[in-house]
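# what's the 3D shape of this:
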Amino acid sequence: MILLSIPEFIGRFHPILVHLPIGILLLGCLFQLLTINPKFLGVRPAVPLIYLLGGLGAVFSSVSGYLLSQSGDYDGNMVDIHQWLGISVSIISLSVYAMYRKQASEGSLNIVAVVLIVLISVTGHYGGSLTHGSDYITSALKDDGKGKAAIPPVANVQQAMAYTHMIQPLLQNRCYSCHGADKQKGKLRLDGKDFIFKGGEDGKALVPGSAEESELIKRLLLPSTNDDHMPPKEKPQLTPEEIALLQWWVQQGADFNKKVQDIKQSEKDKALLLSFQTGAAKKENKLSDIPTAEVSKADDAALEKLKQAGVVVIPAVGSSNYLSASFVTAKADIGVLKLLEPLKKQLIWLNVANTALDDKGMETIAKLDNLTRVNLSRTKVADKGVTLLKGINHLQYVNLVGTKVTAKGVQELNPLKELNSIYLYQSGVTKADEALLKKVFPKVTLDFGGYVVPTLEKDTTEVK
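Sure, this is the predicted structure:
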């Protein structure tokens, strides 16, 4: 349990409070500069009030920012710069209001408006750097065209340095923005060996030889709905392979100086490591759940009918004609499911989780033979229904969490050559069935759940 003081609680509103005065003050500066043109002199009477409101907002924002800085989660030097720049914005904004009251010259007011715009921009830049990292803007300019992979492919994975070439890039691209030199959420830094072993306010981030006891691994394995899951759900998430890589490295001693080939590896570990190798990684990624073949645009009338039924249909990625359909706000009854049939060429992702879908409804879903992902979690689907999926040849992902599907039904999916992930937590599959299914699906990731979710002090927040 963590107890929040009133000042710390108020400080956490800073990211919300800070944007309002920025908008108000920039509007005031714009109006002031527009009055240089006689056509816009009509807006001049409103300018003093805008500066006053923006200045007062900046004061409240500065106070909340100061209270937030006392948490110690941020780099001290950068916080100081951002803090004094914010205070300067508050003072100058209120000073401009006073200048209007004293009828200062237009030239002076115009100069101050320009200065204020520059000052707000610089202050915002430092605020953004504290939140997203000092290279948040420039990192986009450094992209070499290889994409946003957390771990750049290495030429020879066995000859690579485990930490330098694989673990460090992963931490840098997924963790440094909150646990780096500029920001240390929870008093934790992950940008160096000493910092990693030091841990944070919740204890040791890493226990060499024991992934189960390492806070870093525990947080990664928490459900994404848990407030303590890392990275936060709005941030880019680690892939199952990246989490497995970290688990392997920690379990084998978390050595910072060894080559990959010098660290103990099982056959499964070798296959995992190979997926990060140049060429091997490309081979693994060749099988995408977004088809490469072009497809025609979906019928607008069919889309409108689904929309009226409450089904959310959006492009699967970007402006692609391939579609994703979700029944978050719709009933998965036969009538609505049949509305999907005109989209069978375009529909590749289907989410009917937490609906009353049963085996009868699966007869309609089985006709959607271009599906690559289907989420049936917490529905009434059983073995008879899941068996119907074996005719969807391109299916890669099946979520059966919380269903009554047993091992017998799951085995019926064996003919699907492109299947790579089946989620079976809290389903009809028993612990005794796990070994059998692993044998039937040697190349498929089978998630049986059963994670050890630690009880953390922060699971409950009490505000005083």
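
# what about residue 93, how many neighbours?
Neighbourhood size, residue 93 [other CB atoms under 10 Å]: 28. No exception for glycine: its C-beta is placed from N, CA and C like everyone else's.

# surely it meets residue 62?
No. Assessed by CB atoms under 8 Å, residue 93 is found out of contact with residue 62, at 10.8 Å.

# how about low-confidence regions in the stretch 251-400 of the chain?
Confidence mapping of the stretch 251-400 of the chain against pLDDT under 70 gives the ranges 278-289.

# mind redoing it with 80?
For the stretch 251-400 of the chain, residues meeting the criterion pLDDT under 80 lie at 278-290, 292, 317-319.

# For burial, what's the neighbour tally of residue 27?
For residue 27, the count of nearby residues is 17 (other CB under 10 Å).

# And for it, nearest residue in space, chain neighbours not counted?
Once flanking residues are discounted, residue 27 sits nearest to residue 50: 5.9 Å by CB to CB, 6 or more residues apart in numbering.

# Helix, strand or coil: sort out the one you found for me.
For residue 50, the secondary structure call by DSSP: H, G, I helix; E, B strand; the rest coil comes out as helix.

# Could you pull up the mean pLDDT of whichever strand or helix holds residue 177?
Using DSSP states H and E, residue 177 sits within helix 176-179. Taken as a whole, helix 176-179 has a mean pLDDT of 80.

# May I see the buried residues of the helix or strand that that helix is followed by?
Downstream of helix 176-179, the first helix or strand assigned by DSSP H and E is helix 193-198. Buried positions in helix 193-198, judged by neighbour count with 16 or more other CB atoms under 10 Å: 195-196.

# neighbouring contacts of helix 193-198?
Helix 193-198 is contacted from outside by 188-190, 204-206, 256, using CB atoms under 8 Å, 6 or more residues apart in numbering.

# Can you say which of those are buried?
Counted by 16+ other CB under 10 Å, these give 188-190, 204-206, 256 as buried.

# now these in JSON lines, with distance to residue 216?
Written out in JSON lines, the entries for these read as follows (distance: CB to CB, whole Å):
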{"residue": "188", "distance to residue 216": "9"}
{"residue": "189", "distance to residue 216": "12"}
{"residue": "190", "distance to residue 216": "8"}
{"residue": "204", "distance to residue 216": "9"}
{"residue": "205", "distance to residue 216": "5"}
{"residue": "206", "distance to residue 216": "5"}
{"residue": "256", "distance to residue 216": "14"}
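
# pLDDT check: weakest of these?
residue 204 (83).

# Strands of this structure, start to end?
2-4, 312-315, 323-326, 347-351, 373-375, 397-399, 421-423, 445-447, 461-463 (DSSP state E).

# Pipe those into TSV and attach mean neighbour count and distance to residue 88 per row.
As requested, these are exported to TSV (neighbours: other CB atoms under 10 Å; distance: least, CB to CB, whole Å):
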stretch	mean neighbour count	distance to residue 88
strand 2-4	13	29
strand 312-315	14	44
strand 323-326	20	47
strand 347-351	22	49
strand 373-375	21	51
strand 397-399	22	52
strand 421-423	20	53
strand 445-447	15	53
strand 461-463	9	32
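
# Which among those is found nearest to residue 246?
strand 445-447 (16.5 Å; CB to CB).

# what's the average pLDDT for that closest one?
pLDDT averaged over strand 445-447 gives 91.

# Quickly run through the sheet partners of it, with directions.
Sheet pairing of strand 445-447 (DSSP bridges) gives strand 421-423 (parallel).

# Model confidence for residue 234, exactly?
Predicted confidence (pLDDT) for residue 234: 64.

# wait, I meant residue 62
81.

# Next one: it from residue 403, what distance?
Separation of residue 62 from residue 403 (CB to CB, to the nearest Å) stands at 53 Å.

# Kindly report the same for residue 430.
Taking CB to CB, one finds residue 430 at 14 Å from residue 403.

# Kindly report the same for residue 201.
Counting by CB to CB, the gap from residue 201 to residue 403 is 40 Å.

# Likewise for residue 294?
Using CB to CB, residue 294 is found at 35 Å from residue 403.

# who has more neighbours, the two?
Neighbour totals were compared for residue 294 and residue 403, and residue 403 leads with 26 against 8 (other CB under 10 Å).

# isn't residue 26 right up against residue 121?
No. The pair residue 26 / residue 121 is not scored as a contact, 9.2 Å apart, by CB under 8 Å.

# which of the two has more neighbours?
Higher neighbour count among residue 26 and residue 121: residue 26, with 17 against 11, using other CB under 10 Å.

# What's the separation between the more buried one and residue 250?
Distance check for residue 26 against residue 250: by CB to CB, it reads 47 Å.
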